[in-house]
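# Provided below for reference: sequence and predicted model.
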Amino acid sequence: MARCMVEKGFRRSVGISILIAAAAALAVSVTPASASYRLRHHHYHHRHSASHHHYAARAAGPLYRGALLVDADSGKTLYAYNADMSWPPASMAKMMMLLVAEDQIKAGRVKLTDPVRISENSATTMGSRLGLREGEVIPLGELMKAALIRSANDAAVAVAEKIAGSTQQCVVMMNAKARSLGMTDTVYKTIDGLPPTPGHDVDTTTANDLVKVARALIYTTNLLQWSSLQTAPFDDGVTTLHNTNHLIGHFEGCDGLKTGFTYHAGFNLTATAKRGNMRLIAVVLGTPSNGERFSQAARLLDWGFDNYERLTVLKRGQLLPVHVQVGANETIQPICDSDVDVLIPKRDASAIKVNYLIPPSYPGPIKSDAAVGQVVVSDGDSVLTRAQAICPLPASTVSVAASEPVRAPAVVPVVAPASVPGGN
């Protein structure tokens, strides 16, 4: 069965540095333009086509129209270029369709093992496709996997019809989900990003909004288990899915997420990688070639990993170096209610300060887990993060003692002036 009609890649090597539009929020000495490009054991062979030349001819300036690099855990922006620019998501629209599918699975309305009968609408969908035939029956999970890894439009249509009854209703659900994620600059009109006619994309989004849906996929679903695969069997090995994201298996730590290409949108990528305790998300929009989207995303990710680090300041349950008088006869030593991590440039961490906004006394009895103040981590005058200082749990549940070694910055105990817990 001829299922794998390979998406044509237009590859062209361009030797121009990334232009930096603005400094990152925390200044570092190296920019994404000078970051190393570490694709593992992978070399691109470049091809040209008339349509590619036409797009490249009208491309100007940087090697992308928009770009964004974000710390996945905190959502902190490390680098941005036209991050609010309206742009067609192309096949990256499938990220939202799959997120909606995951919601339906969690709600118990469908299961990954549910059979899906391929409709005429699905079988005749054009663009990147598997070549599914009308009347075939394939499990929902297999179709979701093909839509993510292979970017198969026919599989995406089949998924949308299964989870929503029709592609039109699925679009309604996608837009509702986008609103719930705060994606105020995104409008979906298709489930797969396929233009109704060549050169006329109707879906719009921004790099900032693409990061929002990427974070939702990373932290609320298990879809990285598929997007991290270079190849995967489809439908009990009938064929093999080849990942359209060429960073997978060749760029250290990369495990997702989604490519997108149309004539108008150019070559786009939402990529994520994790190294150690730090995960980054990079979005590149409107690059002039297939290879360039991977090159530019890799440069951004490498730059982020080379120049930033995640510092663990406190551990959940760790005893804080502050004592609170409770009533007349009791003294407690509060603990931190959560892990406290901050993302900082790789430099001397001495500028990072920890303030304990905890009153010296508390009237009356206090229950375990009750908040007695705040832990505030700052870099100079800038507050990086906050956590609650709480009354200790029973000794058996306290996980980290004050004497346990933690790589911590300077400690600045600050006693809140009020005698009640809290602090701004």
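Received it, and whenever you're ready, just let me know what you need. Given the structure is predicted, the values throughout are model-derived calculations rather than measurements.
# I figured Ala152 hits Ser128, correct?
Yes: counting by C-beta atoms under 8 Å, Ala152 does reach Ser128; the two are 6.2 Å apart. In short, each C-beta sits where N, CA and C put it, glycine included.
# Which one of these two is surrounded by more residues?
Ala152 (33 against 23; other C-beta atoms under 10 Å).
# where does the more buried one land on pLDDT?
pLDDT, the model's per-residue confidence, is 97 for Ala152.
# Run through the stretch 51-200 of the chain and note the low-pLDDT ranges.
51-61 (pLDDT under 70).
# got the residue ranges for the helices in the stretch 201-350 of the chain?
Using DSSP state H, counting those that start in this stretch, the helices found in the stretch 201-350 of the chain span residues 207-220, 224-227, 290-307.
# Just tell me which of those helices ends up closest to Thr197.
Minimum separation from Thr197 across the helices of the stretch 201-350 of the chain (C-beta to C-beta) falls at helix 290-307, 22.6 Å.
# distance between that closest one and the chain's centre?
In terms of C-alpha atoms, centre = their mean, to the nearest Å, the centre of helix 290-307 is found 15 Å from the chain centre.
# Repeat that for stretch 119-133.
The answer for stretch 119-133 is 29 Å, by C-alpha atoms, centre = their mean.
# for stretch 340-355, same thing?
Distance, centroid of stretch 340-355 to centroid of chain: 23 Å (C-alpha atoms, centre = their mean).
# can you pull the buried residues of it?
Using 16 or more other C-beta atoms under 10 Å as the test for burial, stretch 340-355 gives Val340, Asp341, Val342, Leu343, Ile344, Pro345, Ala349, Ile352, Lys353, Val354, Asn355.
# of all these, which comes closest to Thr77?
Nearest member of the buried residues of stretch 340-355 to Thr77, counting by C-beta to C-beta, is Leu343, at 10.7 Å.
# unless I'm mixing things up, that closest one is touching Asn307, no?
No: proximity of Leu343 to Asn307 does not meet the contact threshold set by C-beta under 8 Å, at 10.7 Å.
# What is the burial count for Ile335?
27.
# Show the model's pLDDT score for it.
93.
# do the one 5 residues further on as well
Predicted confidence (pLDDT) for Val340: 91.
# In contact with it, which residues?
Thr312, Val313, Leu314, Lys315, Val375, Val377, Thr385, Ala387 (C-beta atoms under 8 Å, 6 or more residues apart in numbering).
# Using CSV, please lay out those residues together with pLDDT and neighbour count.
Below are the contacts of Val340 laid out as CSV (pLDDT from 0 to 100; neighbours: other C-beta atoms under 10 Å):
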residue, pLDDT, neighbour count
Thr312, 89, 13
Val313, 90, 24
Leu314, 92, 24
Lys315, 93, 18
Val375, 94, 25
Val377, 92, 22
Thr385, 90, 15
Ala387, 93, 19
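# Quick check: of the residues you listed, which lies closest to Thr331?
Distances from Thr331 to those, taken by C-beta to C-beta, are shortest for Val375, at 18.9 Å.
# Leaving out chain neighbours, which residue sits closest to the closest one?
Ala387 (4.5 Å; C-beta to C-beta, 6 or more residues apart in numbering).
# likewise Val116?
Per C-beta to C-beta, 6+ apart, closest to Val116 is Lys162, 4.7 Å.
# Can you pull the phi/psi pair for the one you found?
With angles defined as degrees, to the nearest 10, Lys162 sits at phi -70, psi -40.
# Surely it is in contact with Pro115?
No: the criterion here is C-beta under 8 Å, and Lys162 misses it with Pro115 at 9.1 Å.
# Give me the common contacts of the two.
Leu140.
# These two - which one has more neighbours?
More neighbours surround Lys162 than the other of Lys162 and Pro115, with 22 against 9 (other C-beta under 10 Å).
# which of the buried residues of stretch 340-355 has the weakest pLDDT?
In terms of pLDDT, Ala349 ranks lowest among the buried residues of stretch 340-355, with 73.
# From Lys274, how far out is that one?
22 Å (C-beta to C-beta, to the nearest Å).
# Likewise for Pro334?
32 Å.
# Which of the two has more residues huddled nearby?
Set Pro334 next to Lys274 and count neighbours by other C-beta under 10 Å: Pro334 wins out with 27 against 18.
# So for that one, what's the nearest residue that isn't a sequence neighbour?
Ala389 is the one closest to Pro334 (C-beta to C-beta, 6+ apart), at 4.1 Å.
# Which elements pack onto the helix or strand that contains that neighbour?
Per DSSP states H and E: Ala389 is located in strand 382-390. The contact analysis (3 or more C-beta pairs under 8 Å, 6 or more residues apart in numbering; DSSP states H and E) places strand 382-390 against strand 335-336, strand 340-345, strand 371-379.
# let's see 10 Å
Contacts defined by 3 or more C-beta pairs under 10 Å, 6 or more residues apart in numbering; DSSP states H and E place strand 382-390 against strand 308-314, strand 335-336, strand 340-345, strand 352-357, strand 371-379.
# right, and those strands - which one's nearest Gly327?
Ranked by C-beta to C-beta, the member of the helices and strands packed on strand 382-390 that lies closest to Gly327 is strand 371-379, at 13.0 Å.
# now the closest one against strand 352-357, angle please.
160 degrees (axes from the mean of the first three to the mean of the last three C-alpha atoms, to 10 degrees).
# And strand 371-379, what does it pack against?
Using 3+ C-beta pairs under 10 Å, 6+ apart: strand 371-379 touches strand 308-314, strand 324-326, strand 340-345, strand 352-357, strand 382-390, strand 410-414.
# For the second one, buried residues please.
Put plainly, it is strand 324-326. Val324, Val326.
# and it, what does it pack onto?
strand 330-332, strand 361-362, strand 371-379.
# The second one pairs with which strands?
Strands that pair with strand 361-362, judged by DSSP bridges, come out as strand 324-326 (parallel).
# residues in contact with the partner strand?
330-334, 358-366, 372-373, 389, 391, 415, 419, 421 (C-beta atoms under 10 Å, 6 or more residues apart in numbering).
# List only those of these flagged as buried.
Ile332, Pro334, Ile358, Pro359, Tyr362, Ile366, Val372, Gly373, Ala389, Cys391, Pro421.
# On the strand side of things, show who the fifth one bridges to.
Which is Tyr362. With DSSP bridges as the rule, Tyr362 is bridged to Val326.
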